[in-house]
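Colleague: just to be clear, the model below is a prediction. Sequence and coordinates:
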Amino acid sequence: MNKQIIFKKRPIGFPDESTWSLETTSIPEPKEGEVLIQHHYISLDPAMRGWMNDNKSYIAPVGIGDVMRAGSIGKVIKSNNHPSYKVGDCLTGWGGVQQYVTTDGKGWHKVDDTIAPMPLFISTLGMPGMTAYFGILEVGKLKEGDIVLVSGAAGAVGSVVGQIAKIKGCRVVGIAGGKEKCDYLVNELGFDAAIDYKSEEIYSALKKNCPEGVDVYFDNVGGEILDAALSKLRMHARIVICGAISQYNNKVRIKGPSNYLNLLVKRASMQGMVVMDYAKDYGKAAMEMGGWIVEGKLKSREAIFDGIENFYDTFGRLFSGEKKGKLILKVIEE
């Protein structure tokens, strides 16, 4: 049988357990030209919260009654004359939160799980890593010697952003919640400094750790921290808007930053980015980041939790901060 997480209603604020239901159905049979994939791991990402809203966005909202949208990775266990994929191939794509999925292969990519473990392909070598790579290098227009500030710095995207900036010869300051995460940024990932937004006043901490200002701010959280970062811009600074996790569960209208006029004063730019825009270059990015991993320059951390039945509690860790690195749900039953 195929266990699935079905989206039942659109939440207001943080989703409660009734937002989804765990349902069981027969394992689907692949049609002509399709394959059947048994999922091993599901990617849990903050963007999932935005996909639940019935708003105009870069992607259509998840439909009521549909399997919850998510990135995934697994292995082909049956093929019905598929032209490209065969039994045993490891594929990653948008399979949703379920144990099995059939597909004609469009939007799916074959990866070699003999050279790296599966979770890495939905982590640093997957969408989060691609987001970090293209966000900081293409949108952020990173240059050697830049002063880089990263929010959500202990997360799947932020941790990679900071490490890439260090590889490229920049000073990097990360913002995270709690001493343990801040120590992780400095002692394990090589950030130059870390700010604990839970125990430090953000404006004072930025003045202390970025006394000369900021050339690139990579924003994953929005809200007050974005506003504070805007006050520390250097001339021609670049702000990358990747996410706004502090605002995703708001019950009232999101408030824009009050310090936005500093963009004018500093002739700075603020640009949003969606990783799908760079899909044609994923292979190049994966090759370069894979090389950095082999050389020990880039570290990847995955927080893996077991059981599709535990989807709700695991999803909550995206917003509670009870994890470091990429959040992944293991759904294969062994």
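Modeller: Alright, I've got the coordinates.
Colleague: measure Tyr312 to Glu334 for me?
Modeller: According to C-beta to C-beta, to the nearest Å, Tyr312 and Glu334 sit 22 Å apart. Every residue, glycine included, has its C-beta placed from N, CA and C.
Colleague: so which of these two has more stuff around it?
Modeller: Tyr312 (15 against 5; other C-beta atoms under 10 Å).
Colleague: assign a three-state SS to that one, would you?
Modeller: Per DSSP: H, G, I helix; E, B strand; the rest coil, the local secondary structure of Tyr312 is helix.
Colleague: show the contacting residues for it.
Modeller: Residues near Tyr312 by C-beta atoms under 8 Å, 6 or more residues apart in numbering: 17, 20.
Colleague: got phi/psi on Val150?
Modeller: Torsion angles at Val150 (phi, psi; degrees, to the nearest 10) stand at phi -130, psi 130.
Colleague: repeat for Met235
Modeller: Dihedral angles for Met235 - degrees, to the nearest 10 - are phi -60, psi 130.
Colleague: list the contacts of it.
Modeller: 266-268.
Colleague: which SS state does Pro257 fall under?
Modeller: Under three-state DSSP, the three-state class of Pro257 is coil.
Colleague: quick check: the gap between it and Lys251.
Modeller: Pro257 is 20 Å from Lys251, by C-beta to C-beta.
Colleague: for Gly135, same thing?
Modeller: Using C-beta to C-beta, Gly135 is found at 29 Å from Lys251.
Colleague: and those two? Which one has more around it.
Modeller: Using other C-beta under 10 Å as the criterion, Gly135 and Lys251 rank with Gly135 on top: 29 against 8.
Colleague: per-residue pLDDT, that one?
Modeller: What the model reports as pLDDT for Gly135 is 98.
Colleague: touching, Phe305 and Ile328? I think so.
Modeller: Yes: Phe305 is within contact range of Ile328, at 7.3 Å (criterion: C-beta atoms under 8 Å).
Colleague: neighbour-wise, which of those two wins?
Modeller: Set Phe305 next to Ile328 and count neighbours by other C-beta under 10 Å: Ile328 wins out with 26 against 16.
Colleague: helices or strands up against the helix or strand the more buried one falls within?
Modeller: Per DSSP states H and E, Ile328 falls inside strand 326-330. Other elements packing on strand 326-330 under the criterion 3 or more C-beta pairs under 8 Å, 6 or more residues apart in numbering; DSSP states H and E are strand 35-43, strand 302-306, helix 311-320.
Colleague: ok now it, how far from the chain's centre?
Modeller: 11 Å (C-alpha atoms, centre = their mean, to the nearest Å).
Colleague: burial measure for the closest residue to Lys330 other than its chain neighbours, as a count.
Modeller: In space, and not counting its chain neighbours, Lys330 is closest to Asp306: 4.8 Å by C-beta to C-beta, 6 or more residues apart in numbering. The burial count assigned to Asp306 is 14, neighbours taken as other C-beta under 10 Å.
Colleague: tell me the bridge partners for Val240.
Modeller: Note on Val240: beta-bridge partners by DSSP bridges are Phe218, Gln271.
Colleague: separation between it and Thr314?
Modeller: Taking C-beta to C-beta as the measure, Val240 falls 27 Å from Thr314.
Colleague: quick one, which of these two is more surrounded?
Modeller: Using other C-beta under 10 Å as the criterion, Val240 and Thr314 rank with Val240 on top: 27 against 23.
Colleague: please name the residues that touch the more buried one.
Modeller: Applying C-beta under 8 Å, 6+ apart, we find Val240 in contact with 135-136, 139-140, 216-219, 271, 273.
Colleague: from these, pick the one nearest Gly321.
Modeller: Asp219 (16.9 Å; C-beta to C-beta).
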